[in-house]
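In: Predicted model and sequence below, questions to follow.
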Amino acid sequence: MSQVNMILDVDTGIDDSIALLLALKSEDVRLLGITTVFGNVSVEQATENTLQVANLAGRSDVPVLMGADRPLLGEWDGPVVHIHGPNGVGGYSFPATDRKPGKERAADFIVRTVNEHPHELTLVFVGRLTNLAHALAKDPGIASRVKRLVLMGGALRAPGNVTPVSEANIWGDPEAARRVFESGMPITMVGLDVTMAVKLNESHIERVVREMAPGGERQAAFIEHILRFYFSAYERENGIYGSPAHDPLAVAVAIDPSFVETEEHDIRIETKGTVSYGATLSDMRGTPKRTNASVCVAVDTERFTEYLLRVLCR
Ligand code: RIB
Ligand code: CA
């Protein structure tokens, strides 16, 4: 398999941390940069966590660029402490680092890098789409020069996770999502229809601890800590000790689309509704006249989980 040229945008975050480790450690990825955004935590905290996870993976070579601290319209509603902990990584404390993010802003980095690699770059967004909306405002032409956008967000037939019908990454900046879905960019939507189908559990933690390659003990301890925190949070909310694998699945789909089955849809973003704010809607009454996204509707959970664990343990 040839390597995927990737920019990964994160709001690090526990599942973002696992997605980062997957992208940083996979031999199938050439990671050109990581951009950060507000969401699970503030953009400053997301940036700090991202730098630390990259250090942990021994990948201080990958540039980290800080992005938006708020949605296009309105204000950020604050950190998701009950799911991701006070610092976004379940209270895990990293050793001090003086590594800083790059000076370029995330949106400028995205525009520049897409234009330097026309039709070669896969963008993977696992937080709000704010940085990409800013990038499109600076240069709408990037929509036709990215190879593909793979995003974790939305829900087609599955229920929402923030409201009955809305998923967190879209709900957190629906105006940005609307602009991205209307941009003409090729989009794969990895939403709750598939991410909720993958369940990580205690046996997966045990396997990472047992099978981690020599020298990776700190990575194994980090993964163990954050997943235990995440599993407990999920148990409090849903009664099951375990968790979905939202963000790592999006990275995996960018690497190998055969992990999922897709349907073509014309996805519209609800930006105004009081009940349906942030919903990703498709008119399913017939064959759509036009489509703007390949929406993931089924996932090979076993093959994806095997791939994830194999790469994490490298
Ligand atoms: O809805 C799941 C998404 O919301 C994930 O990206 C998670 O990290 C949070 O941002
Ligand atoms: Ca995320």
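Out: Okay, I see it. Numbers count the residues shown, from 1 in each chain. Ligands and ions are numbered 1, 2, ... in the order given.
In: Please make it C-alpha for all contacts and neighbour counts, starting now.
Out: Noted.
In: Show me which residues of the longest helix along the chain are buried.
Out: The longest helix of the chain (DSSP state H) is helix 217-238. Of the residues in helix 217-238, those with enough neighbours to count as buried (16 or more other Cα atoms under 10 Å) are 219-220, 222-234.
In: how far is stretch 13-23 from where the chain is centred?
Out: Chain-centre distance of stretch 13-23: 8 Å, with Cα atoms, centre = their mean, to the nearest Å.
In: Check the model's average confidence along that stretch for me.
Out: Over the span of stretch 13-23, the pLDDT mean works out to 98.
In: Give me the contact status of that stretch with ligand 1.
Out: Yes: using Cα under 6 Å from any ligand atom, stretch 13-23 comes into contact with ligand 1 via 13, 15-16.
In: what does stretch 111-131 give?
Out: Yes: under the criterion of Cα under 6 Å from any ligand atom, ligand 1 is reached by stretch 111-131 at 126-127.
In: List every C-alpha atom in that stretch, with coordinates, as PDB.
Out: C-alpha atoms of stretch 111-131 as PDB (Å, rounded to 0.1, in the frame of the first residue of the first chain):
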ATOM      1  CA  VAL A 111      -3.800  26.400   2.300                       C
ATOM      2  CA  ARG A 112       0.000  26.400   1.700                       C
ATOM      3  CA  THR A 113       0.400  22.700   2.000                       C
ATOM      4  CA  VAL A 114      -2.600  21.800  -0.200                       C
ATOM      5  CA  ASN A 115      -1.300  24.100  -2.900                       C
ATOM      6  CA  GLU A 116       2.200  22.700  -2.700                       C
ATOM      7  CA  HIS A 117       0.800  19.100  -3.100                       C
ATOM      8  CA  PRO A 118      -2.200  19.500  -5.500                       C
ATOM      9  CA  HIS A 119      -4.500  16.400  -5.600                       C
ATOM     10  CA  GLU A 120      -2.100  14.500  -3.300                       C
ATOM     11  CA  LEU A 121      -3.200  15.400   0.200                       C
ATOM     12  CA  THR A 122      -5.900  13.700   2.400                       C
ATOM     13  CA  LEU A 123      -7.200  16.000   5.100                       C
ATOM     14  CA  VAL A 124      -8.400  14.100   8.200                       C
ATOM     15  CA  PHE A 125     -10.500  16.300  10.500                       C
ATOM     16  CA  VAL A 126     -11.600  14.800  13.900                       C
ATOM     17  CA  GLY A 127     -12.800  18.000  15.600                       C
ATOM     18  CA  ARG A 128     -14.900  21.000  14.500                       C
ATOM     19  CA  LEU A 129     -14.300  22.000  10.900                       C
ATOM     20  CA  THR A 130     -13.500  25.600  11.800                       C
ATOM     21  CA  ASN A 131      -9.900  25.600  10.600                       C
END
